[in-house]
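**Student:** Dropping the sequence and predicted coords here.
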Amino acid sequence: MSTKGKWIDSRLYFYDSARPQELWPAAPEVWLYDDFLGVTTTSIAGRTTGYTGTLPGTADTATLVTTASVSGAAKILSGTTDNDTAFLSTEISFYGKFDCCFETRLTLDAVNDHCLCIGFTDTGGIVNAGPMSLATTTFTTTATDAALFVYDTDATTDYLYCMGVKADVDKTAISTAIRQTGGTYNVFAVHIEDDGTYSNAKFYIDGVLKGTISDCLTRTAALTPVISVGTRTVNNANYALVDYCKAWQRRA
């Protein structure tokens, strides 16, 4: 076994081992992963990975589909009432103090009247308005603690933003200067790096760091990975196709 290695995403890789990319975690990690393969039912609820569809609106849906993606996908579909929002989330069991991370690959059906949030939120973010939104130049956060990508066509400049909230106090948003593109898959990742005092958030798109927010959220707050999709107009349901989701953190 190799004695040479390097840390990548809180994991130790031995790079001159007899086995390429031999992995030897310093401590067992908590992992949650779903590639939405082998679909035998359209229900999100009851997945062995623990993901559930949270549907505040009467017309919101979250289903598993196979026809829209060769590798399987989850479809998160909003209702048709203005601001209706559908969610894909899991149990509230992740913490900044354990260096929690979330990664997903997804696409939107279109980008003309959407609100999209990706990352971590506490229970306050699971409401019909979504965990965060942006109207003109003002952010509204229903979450008390969160680290999220936010895309909202109600914004004056509808870029993807990196945003955080700690103990109900909003952080300063970071613009990625990137507009979401309908029908194009991207990989989004939010990594929380805890230094023992503060939980700092790093935001990645397609593997490229787009922003860092120091002291982003309360390190002891219970969080859930979340993807929310909302509509910003009447009589128009919007959806995201989620290719995969994975979340992990250090074991307590």
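**Tutor:** Arrived safely, thanks for sending.

**Student:** any low-confidence regions in the stretch 151-252 of the chain?
**Tutor:** 234-235 (pLDDT under 70).

**Student:** quick one: the helices in the stretch 101-250 of the chain?
**Tutor:** Counting by DSSP state H, counting those that start in this stretch, the stretch 101-250 of the chain yields no residue ranges for helices.

**Student:** residue ranges of the strands in it, please?
**Tutor:** In the stretch 101-250 of the chain, the strands defined using DSSP state E, counting those that start in this stretch lie at 101-108, 114-121, 132-135, 138-141, 146-152, 160-166, 169-170, 174-175, 186-194, 199-205, 208-217, 224-231, 239-250.

**Student:** counting contacts, what elements does the longest one pack onto?
**Tutor:** Contact here means 3 or more CB pairs under 8 Å, 6 or more residues apart in numbering; DSSP states H and E; on that basis strand 239-250 packs against strand 29-34, strand 73-77, strand 85-89, strand 101-108, strand 224-231. In short, each C-beta sits where N, CA and C put it, glycine included.

**Student:** and the nearest residue to Tyr185 once chain neighbours are set aside, what pLDDT?
**Tutor:** Nearest-residue entry for Tyr185: Thr107, 4.6 Å, with adjacent residues in sequence omitted and distances by CB to CB, 6 or more residues apart in numbering. Looking at Thr107, its pLDDT stands at 90.

**Student:** C-alpha coordinates for stretch 179-197, CSV please?
**Tutor:** Extracted C-alpha coordinates of stretch 179-197, given in CSV (Å, rounded to 0.1, in the frame of the first residue of the first chain):
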residue,chain,number,x,y,z
ARG,A,179,-27.2,32.6,-16.5
GLN,A,180,-28.8,29.2,-16.2
THR,A,181,-29.5,27.6,-19.6
GLY,A,182,-32.5,25.5,-20.2
GLY,A,183,-31.9,21.9,-21.5
THR,A,184,-28.2,22.0,-20.4
TYR,A,185,-26.9,19.8,-17.6
ASN,A,186,-24.5,21.3,-15.1
VAL,A,187,-22.9,19.9,-11.9
PHE,A,188,-23.5,22.1,-8.8
ALA,A,189,-21.7,21.5,-5.5
VAL,A,190,-21.8,23.2,-2.2
HIS,A,191,-19.0,22.3,0.2
ILE,A,192,-19.0,23.3,3.9
GLU,A,193,-15.6,23.5,5.4
ASP,A,194,-15.6,23.9,9.2
ASP,A,195,-12.5,25.3,11.0
GLY,A,196,-13.8,24.6,14.5
THR,A,197,-15.2,28.0,14.9
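
**Student:** List the buried residues in it.
**Tutor:** Going by neighbour count (16 or more other CB atoms under 10 Å), the buried part of stretch 179-197 is 180, 186, 188-194.

**Student:** now swap in stretch 196-208 and tell me
**Tutor:** 199-205.

**Student:** Same check on stretch 76-87?
**Tutor:** By 16+ other CB under 10 Å, the buried positions in stretch 76-87 come out as 76-81, 83-87.

**Student:** and of the buried residues of stretch 196-208, the nearest to Gly211?
**Tutor:** Nearest to Gly211 among the buried residues of stretch 196-208 is Phe203, at 4.6 Å by CB to CB.

**Student:** Who are the contact partners of Ile118?
**Tutor:** By CB atoms under 8 Å, 6 or more residues apart in numbering, Ile118 lies in contact with 102, 104, 106, 148-149, 188, 190, 226-227.

**Student:** Filter these down to the buried ones.
**Tutor:** Buried subset of those (neighbour count, 16+ other CB under 10 Å): 102, 104, 106, 148-149, 188, 190, 226-227.

**Student:** Please convert these to TSV, extending it with distance to Val242.
**Tutor:** Output for the buried ones among the contacts of Ile118, formatted as TSV (distance: CB to CB, whole Å):
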residue	distance to Val242
Phe102	12
Thr104	6
Leu106	5
Leu148	15
Phe149	14
Phe188	10
Val190	15
Val226	11
Ile227	6
